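Participant: Next one to model:
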Amino acid sequence: MKRFFFNQLMLAGVVSLCVACGGKTAPAEGMPQDSADQESVEGFYSSTGSQEADAAGKQQRMAKMPIEQPAPMKGVSEQILRRKAYITSYNKDTKIPNWVAWHLTSGHTRGNLQRHENMFHEDMDVKTGRVTDADYYNSGYDRGHMCPAGDNKWDRQAMNETFLFTNICPQIHAMNEGPWNDLEMACRRWAQKYGDIYIVCGPLLSDGNHRTIGKNRVVVPERFFKVILCLQDKPKAIGFIYDNNSHNSHKMFSHATNVDEIERLTGIDFFPAVDDKIENVVEAERGYF
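Facilitator: I've put the predicted structure just below:
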């Protein structure tokens, strides 16, 4: 009986000690520490290398991105939506995409599918700020494709998804059906010539207030950009800027610039998955296609 009470007394003492230590028992000498404690110690001693590790981690994440996808934007609303033929960064505040990116292959420039005007539809993946066809009704603006239907005659789903309003911006008809369409057709010729190209395009918004249309107040861009990258043979890239009006020149290369300039104007980091040695060179030059 005495031994029983002695054991109980010792057990109570151990429990009290554990409570006083916050529920943890100190490890015996030579035994490993609790994993959380070990991580905190390692974190303390490795803090000097954290910046290098972050940079390496960023490079690994970028390397896994599709070549055409820009880097995440800062200070801008964006919802990334992945479709069969393109990726879009949708902005619920402006009700238009920040950018739309796609990989255009020679094979994708061919097909027999035809578009129909009644194909435009809401994007149900957007929870707030969803645009409808009514927003464009009697607005005076075309429902302008970013990723063109003409690039997607190869597949029914791919074409249908180009008519989602997350791929659409208000465009002046003369610009949409004229110089902008000329550039779209040129891209298809370049994809056929080189085998494939990478394209990103979208609105280029000026500072200050913007005109809007419809009940959902869809922002009307003042200008549009398009950047094109080719990695075949000698890598090259080029950018284009068009005003959203009826006065654009049909001389395509009068709208041309380098990708660095469009990065400066938009704040978008294009083609971050491309090796920096290539990216830095091609984005600084206006490539010849």
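Participant: And the strands in the stretch 51-200 of the chain, which stretches?
Facilitator: Remark: strands assigned in the stretch 51-200 of the chain by DSSP state E, counting those that start in this stretch are 79-82, 87-91, 96-105, 142-145, 168-171, 196-204.
Participant: can you tell which of the ones you listed is closest to Ala158?
Facilitator: Checking the strands of the stretch 51-200 of the chain against Ala158 by C-beta to C-beta gives strand 96-105 as the closest, at 9.5 Å. No exception for glycine: its C-beta is placed from N, CA and C like everyone else's.
Participant: how far off strand 196-204 does the closest one point, in degrees?
Facilitator: 170 degrees (axes from the mean of the first three to the mean of the last three C-alpha atoms, to 10 degrees).
Participant: Would you indicate which residues of strand 96-105 are buried?
Facilitator: Neighbour counts using 16 or more other C-beta atoms under 10 Å place 96-105 of strand 96-105 among the buried residues.
Participant: Just name whatever secondary elements that strand is in contact with.
Facilitator: Where contact means 3 or more C-beta pairs under 8 Å, 6 or more residues apart in numbering; DSSP states H and E, strand 96-105 is packed against strand 87-91, strand 168-171, helix 179-194, strand 196-204.
Participant: re earlier: redo the buried residues of strand 96-105 as TSV? Include pLDDT and distance to Glu184.
Facilitator: Formatted as TSV, the buried residues of strand 96-105 follow (pLDDT from 0 to 100; distance: C-beta to C-beta, whole Å):
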residue	pLDDT	distance to Glu184
Ile96	98	18
Pro97	98	16
Asn98	98	20
Trp99	98	16
Val100	98	12
Ala101	98	15
Trp102	98	12
His103	98	15
Leu104	98	10
Thr105	98	15
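Participant: out of those residues, who's nearest Asn244?
Facilitator: Closest to Asn244, out of all of these and judged by C-beta to C-beta, is Ile96, at 11.5 Å.
Participant: can you pull up the bridge partners for the closest residue to the closest one other than its chain neighbours?
Facilitator: By the measure of C-beta to C-beta, 6 or more residues apart in numbering, the closest residue to Ile96 outside its immediate chain neighbours is Cys169, 4.8 Å from it. Listed by DSSP bridges, the beta-bridge partners for Cys169 are Gly144.
Participant: give me the number of residues near Cys169?
Facilitator: By the criterion of other C-beta atoms under 10 Å, Cys169 has 26 neighbours.
Participant: And it, what's its pLDDT?
Facilitator: Here the pLDDT value assigned to Cys169 is 98.
Participant: Surely Leu265 is in contact with Phe225?
Facilitator: Yes: in this structure Leu265 lies within contact range of Phe225 using C-beta atoms under 8 Å: 7.3 Å.
Participant: Now list whatever residues contact both of those two.
Facilitator: 204, 241 (C-beta atoms under 8 Å, 6 or more residues apart in numbering).
Participant: of those two, who's got more company?
Facilitator: Per other C-beta under 10 Å, whichever of Leu265 and Phe225 has more neighbours is Phe225, with 25 against 16.
Participant: which stretch of helix or strand covers the more buried one?
Facilitator: Element membership for Phe225, per DSSP states H and E: strand 223-230.
Participant: Let me have the helices and strands packed on strand 96-105 in CSV, adding distance to His145 as columns.
Facilitator: Shown next, in CSV, are those (distance: least, C-beta to C-beta, whole Å):
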stretch, distance to His145
strand 87-91, 11
strand 168-171, 6
helix 179-194, 8
strand 196-204, 9
